[in-house]
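Got a sequence here, can you build the structure:
(2 chains)
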Protein chains: 2
Amino acid sequence: MNVGNRHYRSIWPLAAADGRRAVGIVDQTRLPIEFVTVELETWTQVRTAIASMQVRGAPLIGVAAAYGLALAMREDDSDAALARGFADLLAARPTAVNLRWALERMQTLLRQTPRGQRAERAWAEAGRIAEEDVACNRAIGGHGAALIAGMQRSVRRTLNILTHCNAGWIATVDFGTALSAIYQAFDAGIDLHVWVDETRPRNQGLLTAWELGAHGVPHTLIVDNAGGHLMRQGAVDLVLVGADRVTRHGDVCNKIGTYLKAVAARDNNVPFYAAVPSTTIDWTIADADAEIEIELRGADEVRSVAGRGADGHAATVAIADARTPVLNPAFDVTPARLLSGIITERGVAAANALANLFSESKRACARATI
Amino acid sequence: MNVGNRHYRSIWPLAAADGRRAVGIVDQTRLPIEFVTVELETWTQVRTAIASMQVRGAPLIGVAAAYGLALAMREDDSDAALARGFADLLAARPTAVNLRWALERMQTLLRQTPRGQRAERAWAEAGRIAEEDVACNRAIGGHGAALIAGMQRSVRRTLNILTHCNAGWIATVDFGTALSAIYQAFDAGIDLHVWVDETRPRNQGLLTAWELGAHGVPHTLIVDNAGGHLMRQGAVDLVLVGADRVTRHGDVCNKIGTYLKAVAARDNNVPFYAAVPSTTIDWTIADADAEIEIELRGADEVRSVAGRGADGHAATVAIADARTPVLNPAFDVTPARLLSGIITERGVAAANALANLFSESKRACARATI
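Purely as a prediction, here's the structure:
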């Protein structure tokens, strides 16, 4: 998508004439205050960028990890280095499944590849994963836009969509998942407006507001507390979110607070959809609550807030005493029963009928259909 | 309650030997970063303190407004000044009913009082309203503590209570409403722990954490998004909040986000109670959604966050661009059907059976029973 007049993806390969390789990223910890790009030259820098959320969003961290493993192979293409890179990158964030999916795909390929060829094949494969993500998100957005268009035709006024966290182009390589649907519907002339949840503690809603603003999509920022009230007032026609992991039964693990919006949507008969690439579906998991590790992040994310200070520069304020006890779970689980459906690159399915779309139960992005 | 080793109320009268009068308050916009007291010498300063939330909490703004009208009478005790003070103080915040209740009580008295005596009688009456609030909150806390004790006996481990916003001593004259129950239960030795919602955008949860910490009550600060997840994990045994206005049918208007916790509590069979003085019950209102004006506050409350900067001083950071569109409703309505009960100074009632406790349908604090 465009930033100013220039097209960006959220991640891009850099190959110097002298053979050096690096990965360019947008430092998302500095958005929306500053738009800063960073070059990651080593796999450990990639790991740190994932853990610190300089790159974030389930699809993007999968692609970043693939590039990370490719950079690791340039340093040392031994089986031991492969095993270590795989394990350490996987541990950078525990909840999203795309990270594991991308690393397993890379590992499978690299184990079959002789040393000496691993670095180049890894680099090429990471690039393929990135391109597949873009194609996948374009397809998700097409199905989602059709859903939005149908709803708008039935309400015959501006369709109000509420979204939580950031499932936009910077959470993926390009287009986004939930926001891909919104961008495509908007570009097709559908009359819509987006309620943007702030999404404490990391305020990814500000990334969403920044993205939507840059693309010209009408939107309004609200605190996380406000969505239920808006639903009761009839001001929300659709809730549309992304996800970090979806079980084979359609339970959706997504940013903390998603469940609260889902349960309120049900109480108000507001349709609630998650938009995900099939790489986000974890077919190995049946019981989300028992089997998905919910990442607990640091207390300082809650005790302090980053923004722009009075002098115009990035600044952080402490809002609570450093001794205040804090619990900071990063994700929650929305049971399939609360979802109206899940939007994938192959179309829309009832949450508990995902297998109908993916009868082969593959977790790869379904290239055949996009 | 105590701050450090000194006992404070949230508001107190100041009478100088030379006859000057003022009202002391704790400036709640500077808590928990700084504990600063302020003296309000004119009724317009009181009005500004209410509107800016230097004083906040439905019971406290009622008492503050009563003192405000008393100060107005010292400047000018004419009928015109009474009418103007009444109207302007009432307009300072639109949602909580205690403000109107206290002003109407003062107005009724003052209309029956000859000029020349109004200033002194108003001052005394404001003091009586403050004392009644303290007695009322003590009684609410006693009934609430009994409820908490019963629940803790049945779970036989630490009872986990979730609260939203601040219904503590600084939201009232002393003790608080929901927190009065928690303080009294804690003081009686009940094993409990409080999950404290941050309560964006004004972060009144930080006031709650500050209060609970000062009193030694075990607590953990969480973002507003986290409560549903904790309920799904079985980590919440009771939700206990205050309210700004309760309809005669038991619909509860409280800080934005309360409804989301109530609907999640219902989904998880977690009991949900509001604790209120009867002055918060608006017997004139049947349909909360149609008849209660939900205050819309400024966009800057959402676009920026106040705290302590790196230099240790109070500071504010902008988290969103000043052009980002914002909607900032301050309250929502939780329908009576989602409440397990309402705790008042006369005991606990089903939300839709409040009239059984207040058969005279008086809105005054029920002095006879406390």
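
doesn't A:V317 fall inside a strand?
Yes. Under DSSP: H, G, I helix; E, B strand; the rest coil, A:V317 sits within a strand.

Pull the number of nearby residues for it.
Neighbouring residues of A:V317 were enumerated by other CB atoms under 10 Å in any protein chain shown; the total is 22. Every C-beta, even on glycine, is put in place using the N, C-alpha and C of the backbone.

who's in contact with the closest residue to it other than its chain neighbours?
In space, and not counting its chain neighbours, A:V317 is closest to B:G307: 3.1 Å by CB to CB, 6 or more residues apart in numbering or on different chains. Applying CB atoms under 8 Å, 6 or more residues apart in numbering or on different chains, we find B:G307 in contact with A:S304, A:V305, A:V317, A:A318, A:I319, B:I33, B:A314, B:A315, B:T316, B:V317.

what about the residue lying closest to the fifth one once chain neighbours are set aside, which SS state?
Read it as A:I319. Distances taken as CB to CB, 6+ apart put B:G307 closest to A:I319, at 4.1 Å, once the chain neighbours are dropped. Under three-state DSSP, B:G307 falls in the strand class.

Just the local confidence number for B:G307, please.
Note for B:G307: predicted pLDDT of 93.

Would you mind listing what in the stretch 251-370 of chain A touches chain B?
Along the stretch 251-370 of chain A, the residues adjacent to chain B under the rule CB under 8 Å from any CB of the partner chain are A:255-257, A:259-261, A:263-264, A:267, A:289, A:294, A:302-310, A:315-321, A:323-329, A:331-333.

Which per-residue confidence value corresponds to A:A366?
pLDDT, A:A366: 46.

Can you give me the separation between the residue nearest to A:V317 and A:A318?
Using CB to CB, to the nearest Å, B:G307 is found at 5 Å from A:A318.

Pull up the overlap in contacts between these two.
Common contacts of B:G307 and A:A318 (CB under 8 Å, 6+ apart): A:S304, B:I33.

A:V348 - that's part of a strand, no?
Yes. Under three-state DSSP, A:V348 falls within a strand.

Against A:A91, how distant is it?
Between A:V348 and A:A91 the computed distance is 34 Å (CB to CB).

Comparing these two, which residue is more hemmed in?
Taking other CB under 10 Å, A:V348 and A:A91 do not tie; A:V348 has more neighbours (17 against 12).

How about the residues of the stretch 51-200 of chain A by chain B?
Counting by CB under 8 Å from any CB, the stretch 51-200 of chain A sits next to chain B at A:W195, A:E198, A:T199, A:R200.

In CSV: those residues, plus pLDDT, neighbour count and secondary structure.
Below are those laid out as CSV (pLDDT from 0 to 100; neighbours: other CB atoms under 10 Å in any protein chain shown; DSSP: H, G, I helix; E, B strand; the rest coil):
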residue, pLDDT, neighbour count, secondary structure
A:W195, 98, 22, strand
A:E198, 98, 30, coil
A:T199, 98, 24, coil
A:R200, 98, 26, coil
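
Nearest to chain B among those?
A:R200 (4.2 Å; CB to the nearest CB).
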